[in-house]
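Enquirer: I would like the atomic coordinates for the input below:
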Amino acid sequence: MSTPEPWASAMILCGYVHREAPSVASLARAAGLATETVRRMVNGKGEADPGNVLKVKQALRGAPVETWLGMKPVGKVYVGPPVSRLMDDRQRDALTELINAMMERGGSSASTGEPGKKSPDDGGGEVVDFPAVDAESHEPLAARRNVQTGKDRRGDEGEG
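Expert: Okay, the predicted model is just below:
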């Protein structure tokens, strides 16, 4: 069975191809879903889970998947900063896992996520943003550190 439009064009544009044809299996892998789940979505069979729609939308770089399925838009898709191009596959997968985990627990509502704001996740301390990667080594840094406790979100003590 051939992949219907606009799915086929979006998959090709994002590089989800096998033997120069759109690949539902490649898209499913990138979205972290079962191939059959994505195949049903692409072919319009059954009702798609909004969480799965968001995962496929992210894998397709923000393509309007929900409108293709006749659903209400699921919101703006996160697009990483330009420095995210420096990430290797392992780092990119880890970030995708983090984003998926945040969405599974209802987004970032448990934490304000804004610099200078109080956050229950961080023991009520101030949230301060740090660069995502070290400028010289390109190693990932703790994204946020609690000023009050001196710990990052994993509970590790910070430097300085």
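
Enquirer: relative to Ala48, how far out is the residue nearest to Pro6 when sequence neighbours are not counted?
Expert: In space, and not counting its chain neighbours, Pro6 is closest to Trp68: 6.3 Å by CB to CB, 6 or more residues apart in numbering. (Each C-beta comes from the backbone N, C-alpha and C, glycine too.) Trp68 is 10 Å from Ala48, where distance means CB to CB, to the nearest Å.

Enquirer: how many neighbours does the residue nearest to Pro6 have?
Expert: 21 (other CB atoms under 10 Å).

Enquirer: so where is this structure shaky, pLDDT-wise?
Expert: Applying pLDDT under 70 to the chain flags the ranges 74-79, 105-160.

Enquirer: buried set for the longest helix along it?
Expert: Using DSSP state H, we find that the single longest helix of the chain is helix 89-104. Neighbour-count burial for helix 89-104 flags 91, 95-96, 99, 102-103 (criterion: 16 or more other CB atoms under 10 Å).

Enquirer: quick check, nearest of those residues to Ala34?
Expert: Minimum distance to Ala34 across these is 16.4 Å, recorded for Thr96 (CB to CB).

Enquirer: tell me the contacts of that closest one?
Expert: Shown in contact with Thr96 (CB atoms under 8 Å, 6 or more residues apart in numbering): 32, 58.

Enquirer: ok, Pro82 to Gly62 distance?
Expert: Applying CB to CB to Pro82 and Gly62 gives a distance of 16 Å.

Enquirer: these two: who's more crowded?
Expert: In this view Pro82 and Gly62 are compared by other CB under 10 Å, and Gly62 has more residues nearby, 13 against 7.

Enquirer: I'd like to know how far that one sits from Leu13.
Expert: Taken as CB to CB, the span from Gly62 to Leu13 is 11 Å.

Enquirer: relative to Thr96, how far out is Arg29?
Expert: 12 Å.

Enquirer: next up, the contacts around the nearest residue to Leu69 once chain neighbours are set aside.
Expert: With sequence-adjacent residues excluded and distances taken as CB to CB, 6+ apart, Leu69 is closest to Ala48, at 5.5 Å. In this structure, Ala48 makes contact with 40-41, 69, 71, judged by CB under 8 Å, 6+ apart.
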